[in-house]
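Undergrad: Model the following, please.
(one chain, ligands or ions: 2)
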Amino acid sequence: MKLSIVIPAYNEAGNIAACVKELQDVVGVREGLDYEIIVVNDNSTDETAAVVQQLIDNDSSVRLVNRTPPGGFGRAIRSGLDEVSGDIVVIYMADLSDDPNDVIAYYRKIEDGYDCVFGSRFRTGSNVQHYPWLKLVVNRIVNRCIQLMFWTPYNDLTNAFKAYRTSVIRDCGPYQASHFNITLELSLSALIRRYRIAEIPISWSGRQWGASNLRLQEMGRRYLSTLLMMFFQRILVADDIRAECSTSRPHPSANDVTVPHDEVEFEADCEERDLAHVLEELQRVQKDLQSPAQQPATVKS
Ligand SMILES: Nc1nc2c(ncn2[C@@H]2O[C@H](COP(=O)(O)OP(=O)(O)OP(=O)(O)O)[C@@H](O)[C@H]2O)c(=O)[nH]1
Ligand SMILES: [Mg+2]
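TA: Ligands and ions are numbered 1, 2, ... in the order given. Below is the predicted model of the structure:
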């Protein structure tokens, strides 16, 4: 299966070459996967485009999408997704925050049959460094609220670094979010359609070069808008939405989910899986409460 890595980049001249290189080394050289790397440059005012152009000269698997205004993280992701030619899409940050080894872990999970892989920075085995404390606190509160609203065990849905089958991306679109709220639009769209999702611990490190583009005070209303849209879709029209899914959904005994009997079985399987997840989450919380000294993930700020 071909892997497409979409990297939104805004003023990342100091990071993008190292970012692409570490991906090439792991994905191409070490693992020998068929891949493409699509860098989406959003009117950067630095040398980002020129640096990527040099990388393209040495590796035809690297591509550059130059956007015209208006800019925005969500618009950049949407432009990148339109260009994808692979079977699996990974959204990856240009600021060296993500670990290329986790891309391989995502890829293997999809090979195992999952439709989406959500990395979590807050599970046993996760490794998080240099996370600004205010963002960390807001992240944990927001993600806990999302977990309660969607009754889901996945605890890092706002993180963009995730993998999806391309067919899932196409099924869940078109997308509307223009900024960082696309992280929620993508992950929650897959969640409410009940695609088969795996969550695995990942490593993450705060940027060492360049400036952060995520401004909490500007993004709040956008996250809220996407969150409420997905919440009401889930509670009011989830059946209509799921009926339009054309691609592989989790069904242990049959792929044809259009047969009514199968649909009933499918719903029952999903309910069962959701309950198992919630139970797992409750057991985890219980364990954490019983051993307060033991931290679930390494988080250094
Ligand atoms: N194309 C494009 N890329 C963007 C835009 N805003 C952010 N990015 C990229 O998206 C990725 C994440 O942006 P960051 O600024 O690191 O935001 P963040 O990771 O949420 O914030 P930090 O935790 O502070 O790093 C980086 O690769 C940025 O270059 C944008 O408007 N357009
Ligand atoms: Mg970042």
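Undergrad: contacts and neighbour counts: CA atoms only from here.
TA: Noted.
Undergrad: any idea how far residue 179 is from residue 20?
TA: Distance, residue 179 to residue 20, by CA to CA, to the nearest Å: 23 Å.
Undergrad: repeat for residue 93
TA: Residue 93 is 10 Å from residue 20, by CA to CA.
Undergrad: With residue 36 instead?
TA: 11 Å.
Undergrad: For residue 238, give me phi and psi.
TA: phi -60, psi -40 (degrees, to the nearest 10).
Undergrad: residues contacting the residue nearest to residue 89 when sequence neighbours are not counted?
TA: Closest residue to residue 89 apart from its sequence neighbours, by CA to CA, 6 or more residues apart in numbering: residue 4 at 4.8 Å. Residues near residue 4 by CA atoms under 8 Å, 6 or more residues apart in numbering: 35, 36, 37, 38, 84, 85, 86, 87, 88, 89, 90.
Undergrad: helix, strand or coil for the last one?
TA: Residue 90 falls in the strand class when you classify it by DSSP: H, G, I helix; E, B strand; the rest coil.
Undergrad: and the residue lying closest to it once chain neighbours are set aside, backbone torsions?
TA: Once flanking residues are discounted, residue 90 sits nearest to residue 163: 4.3 Å by CA to CA, 6+ apart. Residue 163 has phi and psi values of phi -120, psi 140 when expressed as degrees, to the nearest 10.
Undergrad: Go ahead and confirm residue 187 touches residue 159.
TA: No - using CA atoms under 8 Å as the test, residue 187 is too far from residue 159 to be in contact (9.1 Å).
Undergrad: of those two, who's got more company?
TA: Higher neighbour count among residue 187 and residue 159: residue 187, with 25 against 19, using other CA atoms under 10 Å.
Undergrad: For the stretch 201-301 of the chain, which residues score under the pLDDT cut-off?
TA: Along the stretch 201-301 of the chain, the model assigns pLDDT under 70 to residues 212-216, 246-271, 273-274, 277, 292-301.
Undergrad: near ligand 1, which residues of the chain show up?
TA: Contact residues, the chain versus ligand 1 (CA under 6 Å from any ligand atom): 8-10, 12, 40-42, 71-73, 76, 93-95, 206-207, 212-214.
Undergrad: of these, buried ones?
TA: For the residues of the chain next to ligand 1, a burial check counting by 16 or more other CA atoms under 10 Å picks out 8-10, 12, 40-42, 71-73, 76, 93-95, 206-207.
Undergrad: Show me where this structure has its strands.
TA: With DSSP state E applied, the chain shows strands at 3-9, 35-41, 62-66, 88-91, 116-120, 127-129, 162-165, 197-201, 203-205, 298-300, listed in chain order.
Undergrad: which one of those strands has the lowest average pLDDT?
TA: Per-segment mean pLDDT for the strands of the chain reaches its minimum on strand 298-300, at a mean of 60.
Undergrad: residue closest to the middle of this structure?
TA: When CA atoms, centre = their mean is applied to the chain, the residue found nearest the centroid is residue 162 (2.6 Å).
Undergrad: which residues sit in contact with the spatially closest residue to residue 77 that is not a sequence neighbour?
TA: Distances taken as CA to CA, 6+ apart put residue 8 closest to residue 77, at 6.3 Å, once the chain neighbours are dropped. Residue 8 is in contact with 39, 40, 41, 42, 73, 76, 77, 80, 92, 93, 94, counting by CA under 8 Å, 6+ apart.
Undergrad: ok, what's across the strand from residue 8?
TA: Beta bridges link residue 8 to residue 40 when assigned by DSSP bridges.
Undergrad: circling back: show me which pair in the buried ones among the residues of the chain next to ligand 1 is furthest apart.
TA: Using CA to CA, these span at most 22.8 Å, a distance reached by 71 and 206.
Undergrad: burial count for residue 240?
TA: Around residue 240 there are 12 residues (other CA under 10 Å).
Undergrad: Who are the contact partners of it?
TA: No contacts exist for residue 240 under CA under 8 Å, 6+ apart.
Undergrad: Renumber starting at 64 from here on
TA: Got it, first residue is 64 now, which makes that one residue 303.
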